[in-house]
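Chemist: the following comprises the amino acid sequence and a computationally predicted model.
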Amino acid sequence: ETKTLIADKTVRTTCTYCGVGCQLDVSVINGEIKGIQAPETAEVNEGHTCLKGRFAFQFYNHPDRLKEPLIKKNGKFEEVSWNEAYDFITKKLISIKNEYGADAVGGISSSRATNEENYLMQKMIRVAIGTNNIDGCARVCHAPTAYGMQQAFGTGAATNSIEDLNQTDAIFLFGANPTEAHPVTGAKIKQLFMKGVTSIVVDPVKTKLAKLATYHLQLRPGTNVAILNMMAHYIIKEKLVNQSFINQYTEFYKDFEAHVADLDMSELEELTGVSKELVKKAAIAYASAERAMEFHGLGVTEHYQGSKTVMLLSNIAMMTGNIGKNGAGLNPLRGQNNVQGAADMGVQPHQGAGYMDVNNFEVQQYYAKKYGVDKMPEHEGLKIPEMIDATLQGKFKALWIMGEDTLMTDPNSNHIRKAFEKLDLLIVQELFMSATAEMADIVLPAASYFEKNGTFTNGERRVQRVNKVIDSIGNCKSDGQIMIDMMHRLGYKQPTGQLYDAAKIVEEIADVIPFMKGVTWEGLGKNGLQWPVKDDGTDTKMLHINGNFKKGKGTFHHFDFEETPELVEHRKKFPFILTTARQLEHYNSGTMTRRTENQLISSNDYLEINPLDAGKKDISEGDAVRIFSDRGSVNIPVKLNYTVKPGIVRTTFHQPEIFINLITGNVGDKETLTPEYKVVAVDFEKI
Ligand code: SF4
């Protein structure tokens, strides 16, 4: 006998997982979430979701949920009231600030939280504490995208919309695996590949999309700059540049042209491991398409030359006129649901809300006036790796982490652990007792996205509403409420009042950030708005039409390939290259997805090894190996796989039992310090 369940209510909200930003209809019976559907009317996902958005929701009432504030007393956590927790933090923070100054304090905000909460977190750190030491998890993913695109175009965000896939003639997918990491967009791209649209994939791994692509450039990890220089060289040589676009809208092209013209293609062929003939064909295919769309992911950014690669991708788009028209552009596939939004809100140490330079006196005055304070901190703050190093040097004393498992997700976990042990105060806001929370002095139980209102901004600059579905679990509070409570305790009265009200914070954000001017809670409606949003609420599907670059002209930069210090220093001793990746079923550190039925589908991380390498070490499918680097070692089961070339091994990092970041290193992108998770010098042995 089947029974029809009728929902008490169905609430439309935005998926909490990836930067695609799917809309979800969440059905509730007796206060419990019973199912999720994908609305056909949603512009982003048009009735589709992946198995994370639709099925991985049971984490919200998992028995592991933190429900009360916890303070560590004599090495053990004890439940305390919110008042006691707030008193503890206030007293400690004020005493640290008095003794060491405001710059001894800092915060790591969360791309998992809403725009309003990120805005409040950066405001609390800047206004109530008095330092620009605020950073977010973009530091470990897309900071090079924001930096590189700002250098090229003046704006660090996707130039086009995903719906432009319907109009493109060629897809250039660089260092991204969207069928696993951005599945709904990945499915759209896959359909086009299967229909025969010209497709170029640059990836050291034979991903599902690489197998379907017209051209797969399977380069050696870390040689992105070299392959893009090769492509540019052939585009110029084949006379496929769009000279009128270059002349009208850009600057410094001649320098770039001269630089790549002189490069030795045979040398770069050997370096990248990709035949120059294949690169030439791919370059011709991209440049001769009427409209070619670039997508990139962490395979671009998580490298020593990450920001430079983003600037070269921008060059390739500009030199072929693939900017400012439909079916073209540069479109970073943002990992976290709100990584775009967190940066927009000022969760970075050098730029405040709306990307204004915090070192600039006029900008400081602007923020001071908007926030109703006398002055703002006067110099830019520390990035996450700098906070960690400053802690080890005894200069940094208190860290406030909102919703991030830094110990598990940041590189070289032993290094991070040592720093956390040295802090005088570690505050963690979390849903669960993560590895980082275990080390905290105080843990604050946070509400999940089902339990609050707010907005997330997806990878195409679309600000969408997150609508409260159920009441808070236990005594949890939204991150936004915690920020407001603490600002009041620290002496700053948030003008929107003592209660967190997302609509009012949206209003404040629209007043502070010029490109959000026309955004209102009501105006966001069911499908959101893509910034910039004008006064009258008109949004923007595409940037840089007719060469309208924020910095005046699109700027060409030129670079040579530079070998990562990770390989220069360690490759002799550790001859294999480890590269990290993601699984469809799980999301990053797995804090949420491991507490859902997705864990039944996939409960292991594996090391993928090419059978030729495995044979040399007498390793068979099902064996386990100890993989080790200069930093540490972990044991991990093996999968033999031809998708990785000999010399390369790959793993995901969702399960804490593996803790792969014990072996990753401290080399990062030169400009942004984003860690190079994609090139780690390792070796391994059968156990
Ligand atoms: Fe959520 Fe991304 Fe899956 Fe959409 S594609 S349902 S946003 S995880």
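Modeler: Structure received.
Chemist: check contacts around Pro637.
Modeler: Neighbour list for Pro637: Asn604, Tyr606, Leu607, Gly622, Asp623, Ala624 [criterion: C-beta atoms under 8 Å, 6 or more residues apart in numbering]. To be clear about C-beta, it is placed using only N, CA and C from the backbone, and glycine gets the same treatment.
Chemist: up against the ligand, what does this structure have?
Modeler: 15, 17-18, 20-22, 45, 49-50, 52-53, 182-184 (C-beta under 6 Å from any ligand atom).
Chemist: could those go into TSV alongside pLDDT?
Modeler: Converted to TSV, the residues of the chain next to the ligand look like this (pLDDT from 0 to 100):
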residue	pLDDT
Cys15	96
Tyr17	93
Cys18	93
Val20	96
Gly21	96
Cys22	97
Asn45	96
Thr49	95
Cys50	94
Lys52	91
Gly53	92
His182	94
Pro183	94
Val184	96
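Chemist: among these, who's most crowded?
Modeler: Sorting the residues of the chain next to the ligand by how many neighbours each has (other C-beta atoms under 10 Å) puts Gly21 first, at 31 neighbours.
Chemist: contacts only, for the closest residue to that one other than its chain neighbours.
Modeler: Take Gly21 and drop its neighbours on the chain: the residue closest to it by C-beta to C-beta, 6 or more residues apart in numbering is Asn458, 2.8 Å away. Counting by C-beta under 8 Å, 6+ apart, Asn458 makes contact with Thr14, Gly19, Val20, Gly21, Val44, Arg334, Asn337, Gln340, Gln464, Gly528.
Chemist: ok so Ile484 is a helix residue?
Modeler: Yes - under DSSP: H, G, I helix; E, B strand; the rest coil, Ile484 falls within a helix.
Chemist: so who does it touch?
Modeler: Leu120, Gln494, Thr496, Gln498, Leu499, Tyr500.
Chemist: can you go through these and name the buried ones?
Modeler: The neighbour count (16 or more other C-beta atoms under 10 Å) marks Leu120, Gln494, Thr496, Tyr500 as buried among the contacts of Ile484.
Chemist: from those, which land in helices?
Modeler: The helices, defined by DSSP state H, take in Leu120 from the buried ones among the contacts of Ile484.
Chemist: hmm, back to that, look up phi and psi at the residue nearest to Gly21.
Modeler: Here is the backbone geometry of Asn458 (degrees, to the nearest 10): phi -80, psi -180.
Chemist: state the distance from it to Glu46.
Modeler: 14 Å (C-beta to C-beta, to the nearest Å).
Chemist: which residue does the stretch 251-400 of the chain bring closest to the ligand?
Modeler: Asn337 (6.6 Å; C-beta to the nearest ligand atom).
Chemist: err, the stretch 151-300 of the chain, not the other one
Modeler: Val184 (3.8 Å).
Chemist: for Ile427, give me phi and psi.
Modeler: Given degrees, to the nearest 10, the pair of backbone angles that Ile427 has is phi -110, psi 130.
Chemist: how much space separates it from the ligand?
Modeler: 29 Å (C-beta to the nearest ligand atom, to the nearest Å).
Chemist: wait, that residue sits on Leu399?
Modeler: Yes - taking contacts as C-beta atoms under 8 Å, Ile427 lies within contact range of Leu399: 7.3 Å.
Chemist: between these two, which is the more surrounded one?
Modeler: More crowded of Ile427 and Leu399, by other C-beta under 10 Å: Leu399, with 26 against 23.
Chemist: between the two ends of stretch 637-644, how far is it?
Modeler: End-to-end distance for stretch 637-644: 16 Å, by C-alpha to C-alpha, to the nearest Å.
Chemist: could I get the buried residue list for it?
Modeler: Neighbour-count burial for stretch 637-644 [16+ other C-beta under 10 Å]: Val638, Lys639, Leu640, Asn641, Thr643, Val644.
Chemist: give the contact list for the fifth one.
Modeler: Contacts were defined as C-beta under 8 Å, 6+ apart; by that measure Thr643 touches Val205, Lys206, Thr207, Glu608, Arg650.
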